[in-house]
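# Sequence first, predicted coordinates after that:
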Amino acid sequence: MRAIPYMGDSVGFSSERYRLSMIEQIRLSGVEDLRVLQAMLKVERHRFVDSALRVQAYEDTSLPIGAGQTISKPNVVARMLSLLLQAPIYLQKGLHQRVLEIGTGCGYQAAILSLLCKEVYSLERIKELHLKAKSNLRPLRLPNLHLLLRDGAQGYETGSPFSGILSAAGAEHLPRIWIDQLDIGGRLVAPVQNQAGRQSLLVIDRTPSGIKEVIMEDVHFVPLKSGIE
């Protein structure tokens, strides 16, 4: 995995100690994939939230990041990443070649993805957040992470096929174009609205014989929207 340089303590406490506590809580919740845990340990979550909220950065809670959006709970991030790493193509090759993230937000999950995959394309449709993510990620110098101001509902055909697609926004109906942009053996992990009107994680594998879908636990994400703001 790529190493992110430690850039000093910016919040008045040992962020490593708090990150270790966060990782332990994630592990106790059932996510035990060492690749995910090690990557999350390297990325300082407090650097991706506003200074007034940094004391809450390592709690298992979502936090506002502006433009009506939130940074996901660490436990949910870990769960979705661990599911992504169980893709058939990942198990065969030991690495995701190209991954598409729908909804960059503040850039936190994108930074973790960059440590787990060869190339990451992250799409954000809200310009304010796109610029914020670029600012947050610039000091980390991650050459395999590509941030794009685009409508995530349309995917990114130029970079396809993707071995993995991860959505940080919940759709009423999953865009078919995402599945079309998946490679054979690739996996899509996304929240979708279920019959009860709640959101559940949906895992889709594109196999040589067709599409395989599995519905997982309930989650809560901001809604998927189209268009650039």
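Perfect, I can see it now.
# Any figure for the gap between Gln109 and Cys117?
12 Å (CB to CB, to the nearest Å). Heads up, the C-betas are built off the backbone N, CA and C, glycines and all.
# Which secondary structure elements does the lengthiest strand in the chain sit against?
The longest strand of the chain (DSSP state E) is strand 182-193. Where contact means 3 or more CB pairs under 8 Å, 6 or more residues apart in numbering; DSSP states H and E, strand 182-193 is packed against helix 74-84, helix 88-93, strand 162-167, helix 176-180, strand 199-207.
# Which stretches in the chain count as helices?
Taking DSSP state H as the test, the helices found in the chain are 15-28, 34-42, 74-84, 88-93, 108-116, 127-137, 176-180.
# if you compare the ones you listed, which one is most tucked away?
Ranked by mean neighbour count, these are led by helix 108-116 with a mean of 25 (mean count of other CB atoms under 10 Å).
# Now Leu116. Nearest residue, chain neighbours left out?
Nearest residue to Leu116, sequence neighbours excluded (CB to CB, 6 or more residues apart in numbering): Ala39, at 5.5 Å.
# That should have said Met22, apologies.
Tyr58 (4.4 Å).
# Can you add mean pLDDT and distance to Glu16 and give the helices and strands packed on strand 182-193 back as TSV?
Compiled in TSV, the helices and strands packed on strand 182-193 are given as follows (pLDDT from 0 to 100; distance: least, CB to CB, whole Å):
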stretch	mean pLDDT	distance to Glu16
helix 74-84	97	15
helix 88-93	80	28
strand 162-167	96	26
helix 176-180	96	36
strand 199-207	95	30
